[in-house]
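Undergrad: Just need the structure, nothing else, for what follows:
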Amino acid sequence: MTAIAITPRGPFSLAASMRFLEGFTPAGYRDASDGRVLRLAFPADDGRSTVGAAVRQAQGSEGTVQADVTVLARDPGKDGTGAASAESDGVSAVRAQLARILSLDVDGSGFPRLAEGDPVVAELIAAYPGLRPVCFYSPYEAAAWAVTGHRIRMVQAAAIKARIAEDHGQRVAVAGESLHAFPTPLVLRGLSRVPGLPETKVERLRALADAALAGDLDAARLRAMPGEDALAHLRTLPGIGPFSAELILIRGAGHPDVFPRHERRLHASMAEAYGLSDPDASDVRRLAAISDHWAPYRSWVALLLRTRPEEQAGPAARGRSVR
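TA: This next block holds a predicted model:
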């Protein structure tokens, strides 16, 4: 086990992140503590290792975030697992991945200034102090979710994803709890069937695993590309359309400044918040122009705009079908 520390730049609340995850169906997160420890288990960006992390934050909205991290390495030709050394498996890379998951790799010190001159953003920031996007563990896992959840209910997709993790992912002990991580690409590429998924989706999952191992779902690479180029690249992957490409870039790679042009529920929330009526309410170019004032945090504001109506609607809304 290795201890790492991340100092947020700008407001950040781990407690707010945990509350968000409890309502984020793909995560299936349930707090097993007193609300002060975030337990995570996920495939590392190297495509071969699995990480367990117990995350805590010092008191205060900008307190240091500390994590006890365990890296497990699996030889794809064996069934055993073992703890890998910090040096050999690059804990610095795991630290960077954890920071990306919690959006702590972004300087958020300028985020509160977006409230100046925009009452909508001001109200959202006041309602959700310190909440930053909590991302999928990687673009690979976001892509796998997009394929799994295509045209079925979120709760059904989440159950299938959890079953895949239990059957094929590594089990990790994290702060007294046992968690199952989603399988690494090396494991996923070898699956011949997944209960509840048609053969076409299983084939696409295997292809996405190969793409991840080839570097086509590398978070740093995606974020270094111009946004439109990154989205076009993602749309070349099997089963990934415009909506899924945005999901992968924003919520998988953790890009902080992309306006989702294909998320209709966001557009509806945005139109209501800004008091827009047709034709402006359904004009994506008009909505995108408003979002330009949120730069360089367009993804962050979009998340807050989606969070409030989903909280008000309750679990039934979060269980609807996804594209």
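Undergrad: For Val65, give me phi and psi.
TA: The phi and psi torsions at Val65 (degrees, to the nearest 10) take the values phi -100, psi 130.
Undergrad: Enumerate every residue touching it.
TA: Residues in contact with Val65, defined by CB atoms under 8 Å, 6 or more residues apart in numbering, are Ala5, Ile6, Thr7, Pro8, Phe12, Leu14, Val55, Arg56, Gln57, Ala58, Leu102, Leu104. To be clear about C-beta, it is placed using only N, CA and C from the backbone, and glycine gets the same treatment.
Undergrad: Buried ones among the residues you listed?
TA: Buried by 16 or more other CB atoms under 10 Å: Ile6, Pro8, Phe12, Leu14, Val55, Arg56, Gln57, Leu102, Leu104, out of those.
Undergrad: Look up how far Ala44 lies from the third one.
TA: Counting by CB to CB, to the nearest Å, the gap from Phe12 to Ala44 is 23 Å.
Undergrad: in stretch 191-211, what counts as buried?
TA: Using 16+ other CB under 10 Å as the test for burial, stretch 191-211 gives Leu191, Val194, Leu197, Lys201, Val202, Arg204, Leu205, Arg206, Ala207, Leu208, Ala209, Ala211.
Undergrad: Okay, the closest residue to the fifth one other than its chain neighbours and Gly239: tell me how far apart.
TA: Translated: Val202. Counting by CB to CB, 6 or more residues apart in numbering, Val202 lies nearest to Val194, which is 5.2 Å off, once chain neighbours are set aside. Noted for Val194: a distance of 14 Å to Gly239, by CB to CB.
Undergrad: Return every residue with contacts to both of these two.
TA: Common neighbours of Val194 and Gly239 (CB under 8 Å, 6+ apart) are Lys201.
Undergrad: Asp257 contacts Tyr297, doesn't it?
TA: Yes - using CB atoms under 8 Å, Asp257 is in contact with Tyr297, at 6.3 Å.
Undergrad: Just want to know which of the two has more residues nearby.
TA: Between Asp257 and Tyr297, counted using other CB atoms under 10 Å, the more crowded position is Tyr297 (24 against 17).
Undergrad: what's that one sitting at in phi/psi?
TA: Backbone phi and psi, for Tyr297 under degrees, to the nearest 10, turn out to be phi -130, psi 40.
Undergrad: ok, now the one 5 residues further on?
TA: Backbone torsions for Ala302, taken as degrees, to the nearest 10, come to phi -60, psi -40.
Undergrad: just Lys161 next, same as before
TA: According to degrees, to the nearest 10, Lys161 has phi -60, psi -40.
Undergrad: For the closest residue to Glu116 other than its chain neighbours, pull up the helix or strand it's in.
TA: Among residues not flanking Glu116 along the chain, Ala122 sits closest, at 7.8 Å (CB to CB, 6+ apart). In the assignment (DSSP states H and E), Ala122 maps to helix 119-127.
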